[in-house]
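Student: Starting from these lines, generate the structure:
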Amino acid sequence: MGVTTIDQKIAEFFNSNFNLGGDWPWGNLILCTIAVILSVLLCGAVGLEREKKGRSAGLRTHLLVGVGSCIVMIISIYGFPAAVSFNADGSSSRDVARLAAQVVTGVGFLGAGAIIHNQGGIKGLTTASTIWLVMAIGLACGSMNFVLAISCTLVVMVILVSFRRLERKVNRSNPMFVVISDASSPIMTNLLTIGNELHYTISDINSQMIQNGSDQCVEVTFKVAGENGREVDVNELTIALEKTGSVKSVQVLNHH
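Tutor: Purely as a prediction, here's the structure:
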């Protein structure tokens, strides 16, 4: 037994009340128009949040991905009427989700382009996730699941805006540092000594040799946590590292 959705009721309403004569499915036409407009509004809201944060993929990128996904879904449902075949019981053997599956794969590669690995850290994961997510919102709009698309967009906006405060609070207690030092200096010994003196726990240490201009240097990335759960004083640790004399730069990746 099939399930009648709210969107199907909307289509029936439009088909019943906007019949201008003939066999034209005006209700479906209006629904497709609503789907495109709704995908612009919903995906635009997500893209605007990314644009305000100055991310590489902003309003236009999210709009294009979302609206494109919506159009592909509409084409998958309505675009190939001649290719539809019916079984003996009147059911259709056409798979309308085939194009949608290709969109999921394709946008996954697009989102990967927004991820940047820089100085021991990874940037762009959230933006890549929102690109993939507006694709899902676009598919929901294109498949006429308007209620699902709207509710999911509201949840996403809450995550992007409200959860940022929680993320900042967590990052304050466990920031990640990137230190560039002379290759000839005992940076590891100095780092552990400073951490012990300031009562900080140093973890997840990674180092690599890099070329800084004409100088051979060591780049060290590590996380810092205060003992007994106390907050890390970033300025205090930065000053202590710079006082060693061999440190050329200190950068904090995830502290706000």
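
Student: residue ranges for the strands of this protein, please.
Tutor: Using DSSP state E, the strands of the chain run over 116-118, 121-123, 176-182, 200-212, 215-226, 247-252.

Student: now the fourth one and strand 247-252, what's the angle there?
Tutor: When you say that, I think you mean strand 200-212. 120 degrees (axes from the mean of the first three to the mean of the last three Cα atoms, to 10 degrees).

Student: Would you mark the buried spots in strand 200-212?
Tutor: Neighbour-count burial for strand 200-212, counted by 16 or more other Cβ atoms under 10 Å, picks out 200, 202, 207. For the C-beta atoms, the positions are set from N, CA and C on the backbone; glycine is no exception.

Student: Sheet partners, orientation included, of that strand?
Tutor: Using DSSP bridges, strand 200-212 pairs in its sheet with strand 215-226 (antiparallel).

Student: Report the contact partners of residue 184.
Tutor: The neighbours of residue 184, taking Cβ atoms under 8 Å, 6 or more residues apart in numbering as the test, are residue 246.

Student: Swap in 10 Å and give it another go.
Tutor: 215-218, 246 (Cβ atoms under 10 Å, 6 or more residues apart in numbering).

Student: just to revisit the earlier point, of the buried residues of strand 200-212, closest to residue 227?
Tutor: Nearest to residue 227 among those is residue 200, at 7.0 Å by Cβ to Cβ.

Student: before we move on, the earlier item: make CSV out of the contacts of residue 184 and add pLDDT.
Tutor: Shown next, in CSV, are the contacts of residue 184 (pLDDT from 0 to 100):
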residue, pLDDT
215, 78
216, 84
217, 87
218, 86
246, 81
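
Student: Perfect, I'm done here.
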